[in-house]
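Asks: Got a predicted model here, sequence first, then my questions.
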Amino acid sequence: MKERFYKYIEQLQDKITSRLEEIDGKAKFRQDIWKREEGGGGRTRVIENGKVFEKGGVNISAVHGPLAPAMQKYFKVGDVDFFACGLSLVLHPQNPMVPTVHANWRYFEMYEKDGTVIDQWFGGGQDLTPYYLFEEDARHFHQVSKKACNPHGFSFYSEYKKKCDEYFWNSHRNEARGIGGLFFDYLKEDDRMKIEDWYDFVTDVGDSFLLAYIPIVQKRKDMPYTEANRNWQEIRRGRYVEFNLVHDKGTLFGLKTNGRVESILMSLPPHVQWVYDHHPEPGSEEEKLLEVLENPREWV
């Protein structure tokens with residue numbers, strides 16, 4: 001399974017980066033091949049200072065070796081080995097009317113020292129973080145995500161949409177990071193799904209990403225905006241940074257397993273503001289966004 005899934009994310013990375021370069025029309029992805037001392041490595045691709053994308057990364061990795069003590073404690077296991085591979089992407093647009101997007105699809109195995117597999121699962125999802133709320137964009141993103149889920153289980157969209165709202169929650173701010181999407185983890189073989197079935201589900205979600213995001217980019221990328229719009233975008237980016245550094249399990253896992261810091265932190269935007277005690281004007285478009293972030297909605 002691990003070889004099959006890694007081949008899939010290699011191909012998906014190529015597909016996504018090629019399409020994003022077409023949309024940007026100016027910047028190209030810089031590729032960086034790296035190796036991890038304990039085992040494995042990855043292929044990082046970063047785009048910067050483009051016409052559409054101010055910064056973005058579409059990264060794949062496959063790492064393995066002894067599970068770090070901190071992670072042994074987290075997973076409640078002893079001295080075991082692990083393998084983890086996945087694709088992780090974040091795109092921060094220039095135009096505040098275009099939402100930031102995040103997605104990842106991953107596979108994990110743990111082994112006894114003799115190589116016996118003792119656990120395996122999939123995880124991942126995709127979620128949207130707008131700076132200005134266009135409800136038709138939110139509905140589109142969620143509708144595409146739901147369509148990817150339905151062939152595998154009609155309850156999956158509502159289940160994983162709820163998990164997404166719960167996971168991407170800045171509890172110290174009492175607000176969501178964005179307007180959600182899908183989030184799933186520990187998708188293990190059980191009575192309803194074999195591990196091959198979970199592979200089919202996760203790859204269908206991965207295949208839906210471009211359809212979910214690119215039409216929104218095309219619709220919003222040339223909209224006019226003001227310096228005030230840009231300032232709001234940078235303030236909201238600060239909330240994005242806070243979530244990734246305080247709450248995100250993927251970031252913490254990478255740092256605790258001696259992952260490559262440059263790749264782990266590529267999700268952080270290049271220009272961010274923290275304005276003391278900032279509140280949007282009552283009745284403004286900025287306040288409209290906050291109302292939805294504080295009270296997650298059903299979109300489809």
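Replies: Structure received. Residues are numbered from 1 along each chain as shown.
Asks: where in the stretch 201-300 of the chain is pLDDT low?
Replies: By pLDDT under 70, the stretch 201-300 of the chain has no low-scoring segment.
Asks: at 80 instead, please
Replies: Residue ranges of the stretch 201-300 of the chain with pLDDT under 80: 253-254, 256-259.
Asks: Run through the helices of it in chain order.
Replies: Using DSSP state H, counting those that start in this stretch, the helices of the stretch 201-300 of the chain run over 227-246, 249-256, 261-264, 285-294.
Asks: can you check the stretch 1-150 of the chain too?
Replies: Counting by DSSP H, counting those that start in this stretch, the helices of the stretch 1-150 of the chain are 2-24, 69-75, 135-149.
Asks: Is it possible to get CSV of the ones you listed that adds mean pLDDT?
Replies: Converted to CSV, the helices of the stretch 1-150 of the chain look like this (pLDDT from 0 to 100):
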stretch, mean pLDDT
helix 2-24, 98
helix 69-75, 86
helix 135-149, 98
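Asks: Please identify the deepest-packed of the ones you listed.
Replies: Mean neighbour count (mean count of other C-beta atoms under 10 Å) peaks for helix 135-149 among the helices of the stretch 1-150 of the chain, with a mean of 20. The C-beta positions use only the backbone N, C-alpha and C, and glycine is treated the same way.
Asks: got the contact list for that one?
Replies: 99, 126, 128, 130, 156-157, 160-161, 179-182, 201, 204-205, 207-208, 211-213, 215-216, 219-220, 299-300 (C-beta atoms under 8 Å, 6 or more residues apart in numbering).
Asks: hmm, back to that, can you tell me which of the helices of the stretch 201-300 of the chain comes nearest to residue 122?
Replies: Between residue 122 and those, the tightest spacing by C-beta to C-beta is seen for helix 249-256, at 13.8 Å.
Asks: Same list, the helices of the stretch 1-150 of the chain, but as CSV with distance to residue 261 please.
Replies: CSV is the format used below for the helices of the stretch 1-150 of the chain (distance: least, C-beta to C-beta, whole Å):
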stretch, distance to residue 261
helix 2-24, 20
helix 69-75, 16
helix 135-149, 30
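Asks: Quick one: closest of the ones you listed to residue 167.
Replies: Nearest to residue 167 among the helices of the stretch 1-150 of the chain is helix 135-149; the distance by C-beta to C-beta comes to 14.6 Å.
Asks: and the closest one with helix 285-294, angle?
Replies: If you take axes from the mean of the first three to the mean of the last three C-alpha atoms, to 10 degrees, helix 135-149 sits at 30 degrees to helix 285-294.
Asks: if you go through the stretch 151-300 of the chain in chain order, where are the strands?
Replies: Assigned by DSSP state E, counting those that start in this stretch, the stretch 151-300 of the chain shows strands spanning 169-170, 175-176, 180-187.
Asks: okay, the residue lying closest to residue 178 once chain neighbours are set aside: pLDDT?
Replies: Once flanking residues are discounted, residue 178 sits nearest to residue 129: 3.2 Å by C-beta to C-beta, 6 or more residues apart in numbering. Looking at residue 129, its pLDDT is 98.
Asks: Lovely, talk soon.
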